[in-house]
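Student: below is the sequence, then the predicted model.
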Amino acid sequence: DGGDGGADDAGAAFVLEVLNAVTTELADLVAKDDAGSREFVRALNRERTRMVDLGPAFPFLAGLLLTALDAFLRARDVDAILVAMMLAQSFYRRRGETREYLKVPLQVHPVWADAAFWPDALDALIGRQKA
């Protein structure tokens, strides 16, 4: 066939290994520091107009956003949760001809079932509209 599928596979495995190592370090930082979690979400927000198809980084980013949501919920940072929710509808990966958005793996997070979150979120959104 002339192609070197073995080299392609090794290259893809290396990329996934690097993504895993970086994601592990980032997850530790995001979990330990609420400010780090907010900066992570701000960085994603800046990128959402340029690169939304995450490809192989999708599961890693989903894990990081779940970790960030944990930190935001602990801190009751409604604005950051709302930004994460918006981002989850922006970033995706291709699955054949369809797109799988980050909102799919984030739907399991307990924040969405937190009854205290929703009135706070509504207040924040109304406050934005008034401003």
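Tutor: Sure thing, it's come through.

Student: how many residues are close by residue 110?
Tutor: Other residues near residue 110 come to 10 when the count uses other CB atoms under 10 Å. Every residue, glycine included, has its C-beta placed from N, CA and C.

Student: now for it: which residues touch it?
Tutor: Neighbouring residues of residue 110 by CB atoms under 8 Å, 6 or more residues apart in numbering: residue 73.

Student: again, only this time at 10 Å
Tutor: The neighbours of residue 110, taking CB atoms under 10 Å, 6 or more residues apart in numbering as the test, are 69-70, 73, 117.

Student: counting neighbours, which of these comes out on top?
Tutor: Counting neighbours by other CB under 10 Å, residue 69 leads the contacts of residue 110 with 24 neighbours.

Student: from residue 129, how far out is that one?
Tutor: To residue 129, residue 69 is 24 Å away according to CB to CB, to the nearest Å.

Student: same check, this time on residue 123
Tutor: Residue 123 sits 11 Å away from residue 129, going by CB to CB.

Student: looking at the two, which one has more neighbours?
Tutor: Of the pair residue 123 and residue 129, residue 123 is the one with more neighbours under other CB under 10 Å, namely 11 against 6.

Student: all good on my end, thank you.
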